[in-house]
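Q: any chance you can model this:
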Amino acid sequence: MTDPDPKDYDIGYKKPPKAHQFAKGQSGNPNGRPKRPEGVSIQELLNTNQRGKNGSTVSSREAPRYSASERCDERKAESLQQVH
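A: Have a look, this model is predicted:
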């Protein structure tokens, strides 16, 4: 890189020296976040037992008996029955 004229460029908060800035086309993390391995589903991971630091089961998720919309409809029906 060429050295810029110090009069033309202020160095300070959010203005690093030109020599320490990323080159054009280069990001801060060229490798990026690693991709999830093939064949691993988030749903599979969440449905298994989750273990805490001491080895005890913290939570386990099971398939819901009803969908979210069915639960919402059920709550609305209950609230309407209470009103009447």
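
Q: going by C-alpha atoms from here, please, whenever you check contacts or count neighbours.
A: Noted.

Q: what's the neighbour count on the nearest residue to Thr57 once chain neighbours are set aside?
A: Counting by C-alpha to C-alpha, 6 or more residues apart in numbering, Arg51 is the residue found nearest to Thr57 once chain neighbours are left out, at 4.6 Å. Neighbourhood size, Arg51 [other C-alpha atoms under 10 Å]: 12.

Q: now do Arg51 against Leu45, distance only.
A: As judged by C-alpha to C-alpha, to the nearest Å, Arg51 and Leu45 stand 12 Å apart.

Q: local confidence estimate at Ser59?
A: pLDDT, Ser59: 66.

Q: mind listing what's buried along the longest helix belonging to the chain?
A: Using DSSP state H, we find that the single longest helix of the chain is helix 68-83. Of the residues in helix 68-83, none count as buried by neighbour count, 16 or more other C-alpha atoms under 10 Å.

Q: neighbours of Lys18, how many?
A: As a burial measure, Lys18 scores 14 neighbours (other C-alpha under 10 Å).

Q: look up how far Asp8 lies from it.
A: Computed with C-alpha to C-alpha, the distance linking Lys18 and Asp8 is 12 Å.

Q: same thing with Gln82?
A: 73 Å.

Q: for Gly12, what are its contacts?
A: By C-alpha atoms under 8 Å, 6 or more residues apart in numbering, the contact list for Gly12 is empty.

Q: mind listing the helices for the chain?
A: In the chain, the segments counted as helices under DSSP H are 42-47, 68-83.

Q: got CSV for those, with mean pLDDT and distance to Gly55 too?
A: Listed next are the helices of the chain as CSV, based on pLDDT from 0 to 100; distance: least, C-alpha to C-alpha, whole Å:
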stretch, mean pLDDT, distance to Gly55
helix 42-47, 77, 17
helix 68-83, 77, 32
